[in-house]
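Student: Fold the following and give me the result.
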Amino acid sequence: MNKILNLKTASFAGLVAVILMSLSSCSSKAPYDGRIQGKVKKDEVTIAPKVPGRIIKLNVKEGDHVKAGDTLAIIDVPEIEAKRLQAEGAFEAASGQYEMARNGATSFERAQVVATLNAAQEQYNLAEKSFKRVKAMASDSLISMQKYDEVYERYQAAKAQLEATKAVKSDIDHGVRSEKIKMALGDKLRAEGALKEATVAYNERYLLAPKDMSIETVALREGELALPGYNIVMGYEAVGPFLRFTVSEKEISHFTKDTEYKIRLEATQEEFSAKLVAIRQLPGYANLSSEYSRFEVGEAVYELRLIPQGEVDRAKLLSNMTVTMEAPTK
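Tutor: Numbering: from 1, shown residues only. You can find the predicted model right below:
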């Protein structure tokens, strides 16, 4: 029993020793050699569709280089195509209504109104003569009051028909009311806006490269469904890489914008110059890219953005490669 306890105690002590050694090795760090460590970075470009659809053609693959405006993929959007056709029909109908309101009645419609007015005038003349005769006969008690009322009613109807026809002719002579023209114009503009919206959405079936870039990742394949806002193609700008360093607020005063500094690519030990083009404060400690814990808690940290200068081979500056820069002093 004692042997078993001794064995367990020894095993536990060995385990503790191993853990302490591991913690000691983890807490150790490379000595700070006076150089600031940074990374090679490239501006990322992502392309996502604005409308949902199924990818029917992919024109690029990972590793390709494309120019601005090149078609990267084509998406099938049959629903939007149907809406575009509906919008075209509505626009054509609204345009016809507006032109008809603006131009007024045609010569054929004017001739019809004149003929209707002449007929109404003849009907009124006949009804007026008949009423006068009946009225004279009624005064002599030669006809019944029932017959008199019937003729009088026809006379009033012919008179109303004549007045209505005259009003129609007057409306045509004076043209369409301005309010009707404005209403027709509003319908046309609304239909035109719907057509433009449908056309823009229909054209979104083509995914175009926004700038010269290299393709890093193609997330979907032909036949797969692409959703709005989902990044289908990702890559980097072709204009060239930049260098990113992080420095503390104690060191930031040593750097001057538009000044060139000596940089060393650690993978090849090649040295070149880079110009400091931007300085910005980082929001937190988690954004640091240096392996050295040279920053105190609560200390402001800044990002330096440098652009390689001179004859350096930018093709060798791959994304996330390590570069160093000697910390300047004043």
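Student: And the strands in this protein?
Tutor: Under the criterion DSSP state E, strands of the chain are mapped to 35-41, 44-47, 53-58, 65-66, 71-76, 206-208, 213-218, 225-226, 233-237, 242-248, 260-265, 270-281, 301-308, 322-326.
Student: can you redo those as JSON lines with distance to residue 121 and mean neighbour count?
Tutor: In short, each C-beta sits where N, CA and C put it, glycine included. Converted to JSON lines, those look like this (distance: least, C-beta to C-beta, whole Å; neighbours: other C-beta atoms under 10 Å):
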{"stretch": "strand 35-41", "distance to residue 121": "90", "mean neighbour count": "19"}
{"stretch": "strand 44-47", "distance to residue 121": "74", "mean neighbour count": "16"}
{"stretch": "strand 53-58", "distance to residue 121": "66", "mean neighbour count": "16"}
{"stretch": "strand 65-66", "distance to residue 121": "78", "mean neighbour count": "16"}
{"stretch": "strand 71-76", "distance to residue 121": "65", "mean neighbour count": "18"}
{"stretch": "strand 206-208", "distance to residue 121": "66", "mean neighbour count": "17"}
{"stretch": "strand 213-218", "distance to residue 121": "80", "mean neighbour count": "18"}
{"stretch": "strand 225-226", "distance to residue 121": "71", "mean neighbour count": "16"}
{"stretch": "strand 233-237", "distance to residue 121": "77", "mean neighbour count": "20"}
{"stretch": "strand 242-248", "distance to residue 121": "90", "mean neighbour count": "21"}
{"stretch": "strand 260-265", "distance to residue 121": "99", "mean neighbour count": "18"}
{"stretch": "strand 270-281", "distance to residue 121": "88", "mean neighbour count": "15"}
{"stretch": "strand 301-308", "distance to residue 121": "90", "mean neighbour count": "19"}
{"stretch": "strand 322-326", "distance to residue 121": "100", "mean neighbour count": "19"}
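Student: quick one: average pLDDT of stretch 247-261?
Tutor: The pLDDT scores in stretch 247-261 average 87.
Student: Check the separation of the first and last residues in that stretch.
Tutor: End-to-end distance for stretch 247-261, by C-alpha to C-alpha, to the nearest Å: 14 Å.
Student: can you pull the buried residues of it?
Tutor: Neighbour counts over stretch 247-261 (16 or more other C-beta atoms under 10 Å) mark 247, 251, 255, 261 as buried.
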